[in-house]
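[1] Next comes the sequence, and after it the predicted model I'd like to discuss.
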Amino acid sequence: MSGGGFRASFFHIGVLGRLAQRGILRHVQVISTVSGGSIIGALYYLHVKKLLESKPDAAIVDHDYLDLVHVIERDFSAAVKKNLVLRTFLDPVKTIKMALPSYSRSDRVGELYDELFYRPVVGCSGPVLMRELTIVPPGCAPADDVPSMNVGRRALVPVLQINATSLNTGRCWRFGATRMGEPPATDPISAEIDKRTRLRRAPGYDALPPRLRDIPLGVAVAASAGVPGLLPPLPVTGLYGDEAEVQLVDGGVFDNLGLTTLFDCECTAVIVSDASAQMAFDPSPSDLEFLVLARTNEILMDRVRELILGELLRSRPIPVALVHLRKGLDAEAIAGPLHPEKGQNIRERASTCQPSDFGVDPRVQDALSRVRTDLDAFTDVEAQSLMLDGYLVTGHVASEVPALLSLARPITGAPPFAFEAVAPWLKSPTPEFLRQLQIAQQPWFKYFRLVPRARTVGIALLVSALLLPLVLAWPALLVGLSTQLTVWTFLGLLALPVLIVTSSILAARSRAAHDNLKPMVFVRTFTLQTLVGALGSLLIQLHLRSINRWFLAHGDPRGLKPPGRGDGR
């Protein structure tokens, strides 16, 4: 399950739904997840653990897997509507605590994953721990060797691998039910070409220092989904003593598909659920340094994706079902005025199918691949469209892979998924439906883009809010302007911001300077966090009770006009 924020999570739910409907999920033995895929992959694994430990193998049927995906669809959609990204600052005490070096926003995100997604499945009062994730079916003894446990079983026990990236070495860092760390490199090619320092992996959680044995599942997922620049790295302190302090970031930095983990597991068949957007064409790239840096990062990410997929599809003689968000879309080729095509764009590297082959309009398929990857609230139109797209693409791809067809035992008479309600609009989109998908691509001000009247009111309120302090402070400002400032007063006013900026620059230049300036940095951070905690929690409460609710209400598919003949064509 690839990365891609909640966009990926919803797409993966649709993939799981179709695999469950085809009776294939019981055969899955390894689940490798990255970022947004880790969020939903961990949730699915907990449900499977609950199923396999509550029933004997002979009593488990394909309907059980279908039922648990129905539960995931309902519960995950409801939890996402609570707007996780804003809730990281909702608790003022937690916000102030982020000033401490041992606690960051990434830790808070991990706690929210646990509270909103994972703890309700397990029913525990404390965090769900990684070392407690081992699945032990009735009549089986706990074992590290899961493949031997699966011998003779009909409902196979899967292994979960949550992938993050180590900033220390640039390698994959894997969280599993029995251990965590960098996997060892045993092949001769890696031994020859990779001369970087490696962090040796402990044999199990019991071999770790006491305070590291109880790594929460939410923290592992937060490390896997810690987008650099948006969330701080997640530290694993004390694991290597004074030799190294492990810092983990998003698993997509190393491999956004999680395929290298499957290579190491020597899987005999692979299903790739890829919610990557792929880099968009830019007719006139900017030459501003920070925009060039962002664009080159996109190029590197796309290049890594193509290389890893190329290795899977070209070099490994195993069945592969590739399900991705741009399935069926063609790559356009732009012809210049001197080309024989006389400036007419042509279809190049045409896809083997069209989105209409699996019931999706090409414009919808393209728009869904560009939906934001944030961790904010998603409307039902956005969430259900992504889930249904994953469901439909998987059905089309699975029918073309003989290895999956041989395993399939389609379930008949099963109740439909809630996301199937948007099927008419995916096939024949109305202008309003397409507009909502276009707005879904924007990270900011989605509600005001969705409702023009709200945008007018919002601008008026913003202007009023900006002018009100000026009006209230105008008499004092006039008095201040008429007062003569001394040189020392002026220097005193400049001292505080100069000290803040200087301390930040020096702290960033070296570790020694960072340590020496810790008290000043802490005081600055604590002050800012206190202000943010006090003011931010109030504003976030207001936003969640008003704008967030209105946004979700306007994104209800029941408010869409049904597609008519020729609508949106």
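    Now that the structure is in, tell me what you want to look at.
[2] Residues in contact with stretch 35-44: which ones?
    For stretch 35-44, the external contacting residues (CB atoms under 8 Å, 6 or more residues apart in numbering) are 1-9, 12-13, 16, 31, 33, 68-69, 72, 76, 113, 117-118, 121, 160, 162-163, 217, 220-221, 224-225, 227, 250-252, 256, 258, 273, 275, 373. C-beta here means a position set from N, CA and C on the backbone, and glycine is covered the same way.
[3] So what would you say the end-to-end distance of stretch 272-288 is?
    With CA to CA, to the nearest Å applied, stretch 272-288 spans 36 Å between its terminal residues.
[4] Off-centre distance for that stretch?
    17 Å (CA atoms, centre = their mean, to the nearest Å).
[5] ok so, going back, please narrow the contacts of stretch 35-44 to those residing in strands.
    With strands defined by DSSP state E, the entries of these inside them are 31, 33, 160, 162-163, 250, 273.
[6] Export the residues you listed to TSV and append columns for neighbour count, distance to residue 439 and pLDDT.
    TSV is the format used below for these (neighbours: other CB atoms under 10 Å; distance: CB to CB, whole Å; pLDDT from 0 to 100):
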residue	neighbour count	distance to residue 439	pLDDT
31	21	33	97
33	31	28	98
160	26	35	97
162	32	32	98
163	32	31	97
250	27	26	96
273	29	25	97
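[7] Distance to residue 451 added to those residues, as CSV?
    Below are those laid out as CSV (distance: CB to CB, whole Å):
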residue, distance to residue 451
31, 40
33, 36
160, 41
162, 38
163, 39
250, 33
273, 33
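[8] between those residues, which is nearest residue 349?
    Ranked by distance to residue 349 (CB to CB), the ones in strands among the contacts of stretch 35-44 are led by residue 273 at 22.5 Å.
[9] and the closest one, what is it in contact with?
    Taking CB under 8 Å, 6+ apart as the criterion, residue 273 is in contact with 1-2, 11-12, 15, 37, 323, 390, 394.
[10] Select from the residues you listed every entry located in helices.
    11-12, 15, 37, 390, 394 (DSSP state H).
[11] Of those residues, which is the nearest to residue 264?
    Nearest member of the ones in helices among the contacts of residue 273 to residue 264, counting by CB to CB, is residue 37, at 17.2 Å.
[12] Could you count how many residues lie near that closest one?
    Per other CB atoms under 10 Å, the neighbour tally for residue 37 reads 33.
[13] Identify the spatial nearest neighbour of it, chain neighbours not counted.
    residue 1 (2.9 Å; CB to CB, 6 or more residues apart in numbering).
[14] Also residue 418?
    residue 73 (6.2 Å).
[15] What separation is there between that neighbour and residue 426?
    For residue 73, the distance to residue 426 equals 16 Å [CB to CB, to the nearest Å].
[16] the more surrounded of the two?
    A direct count of neighbours by other CB under 10 Å for residue 73 and residue 426 places residue 426 higher, at 25 against 21.
[17] Under the pLDDT cut-off, which ranges of the stretch 351-500 of the chain? List them.
    477-494, 496-497, 499-500 (pLDDT under 70).
[18] Model confidence at residue 155, what's the number?
    We have a pLDDT of 95 for residue 155.
[19] Hmm, it is touching residue 23, no?
    No - contact criterion CB atoms under 8 Å: residue 155 and residue 23 do not qualify, at 11.1 Å.
[20] more neighbours, those two?
    residue 155 (23 against 18).
[21] Please report how far the closest residue to that one other than its chain neighbours lies from residue 68.
    Distances taken as CB to CB, 6+ apart put residue 60 closest to residue 155, at 4.2 Å, once the chain neighbours are dropped. Per CB to CB, residue 60 is found 11 Å from residue 68.
[22] higher neighbour count, those two?
    A count of neighbours by other CB under 10 Å puts residue 68 above the other of residue 60 and residue 68, at 21 against 18.
[23] Can you name the residues that contact the nearest residue to the more buried one once chain neighbours are set aside?
    Once flanking residues are discounted, residue 68 sits nearest to residue 47: 4.3 Å by CB to CB, 6+ apart. For residue 47, the contacting residues are 68, 71-72, 121, by CB under 8 Å, 6+ apart.
[24] Can you select the buried ones from those residues in ChimeraX?
    Buried members of the contacts of residue 47 can be picked out in ChimeraX with the line below, counting by 16 or more other CB atoms under 10 Å:
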select :68,72,121
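[25] Among the contacts of residue 47, which one sits closest to residue 266?
    residue 68 (27.6 Å).
[26] Residue 46 is in contact with the closest one, correct?
    No - under the criterion of CB under 8 Å, residue 68 makes no contact with residue 46, lying 9.7 Å away.
[27] list residues touching both of these two?
    What both residue 68 and residue 46 touch, as defined by CB under 8 Å, 6+ apart, is an empty set.
[28] Tell me which stretches of the stretch 201-350 of the chain form helices.
    217-224, 252-255, 259-264, 289-315 (DSSP state H, counting those that start in this stretch).
[29] Pick the most buried one from these.
    Per residue and on average, the most neighbours among the helices of the stretch 201-350 of the chain fall to helix 217-224, with a mean of 29 (mean count of other CB atoms under 10 Å).
[30] now that helix: how far from the chain's centre is it?
    Its chain's C-alpha centre and that of helix 217-224 lie 11 Å apart, by CA atoms, centre = their mean.
[31] now swap in stretch 302-316 and tell me
    Distance, centroid of stretch 302-316 to centroid of chain: 21 Å (CA atoms, centre = their mean).
[32] Which pair of the ones in helices among the contacts of residue 273 spans the longest distance?
    Once CB to CB is applied, the ones in helices among the contacts of residue 273 give 37 and 394 as the farthest pair, at 14.5 Å.
[33] what touches both of residue 60 and residue 68?
    Common neighbours of residue 60 and residue 68 (CB under 8 Å, 6+ apart) are residue 51.
[34] Can you get me a residue count around residue 283?
    By other CB under 10 Å, neighbour count at residue 283 equals 5.
[35] Report pLDDT for it.
    The model's pLDDT for residue 283 equals 88.
[36] show me the contacts for it.
    No contacts exist for residue 283 under CB under 8 Å, 6+ apart.
[37] which intervals of the stretch 1-150 of the chain have sub-threshold pLDDT?
    By pLDDT under 70, the low-scoring segments of the stretch 1-150 of the chain are 144.
[38] check contacts around residue 548.
    Residue 548 touches 81, 83, 86, 377, counting by CB under 8 Å, 6+ apart.
[39] Name all residues that make contact with the residue nearest to residue 418.
    13, 17, 387, 417-419.
[40] hmm, 10 Å instead?
    The contact partners of residue 73, by CB atoms under 10 Å, 6 or more residues apart in numbering, come to 10, 13-14, 16-17, 383-384, 387, 417-419.
[41] what does residue 117 give?
    So residue 117 contacts 9, 39-40, 42-43, 46, 72, 75-76, 79-80, 84, 128, 217-218, 221 (CB under 10 Å, 6+ apart).
[42] Okay, and which of these map to helices?
    The helices, defined by DSSP H, take in 9, 39-40, 42-43, 46, 72, 75-76, 79-80, 84, 217-218, 221 from those.
[43] That'll do, ta.
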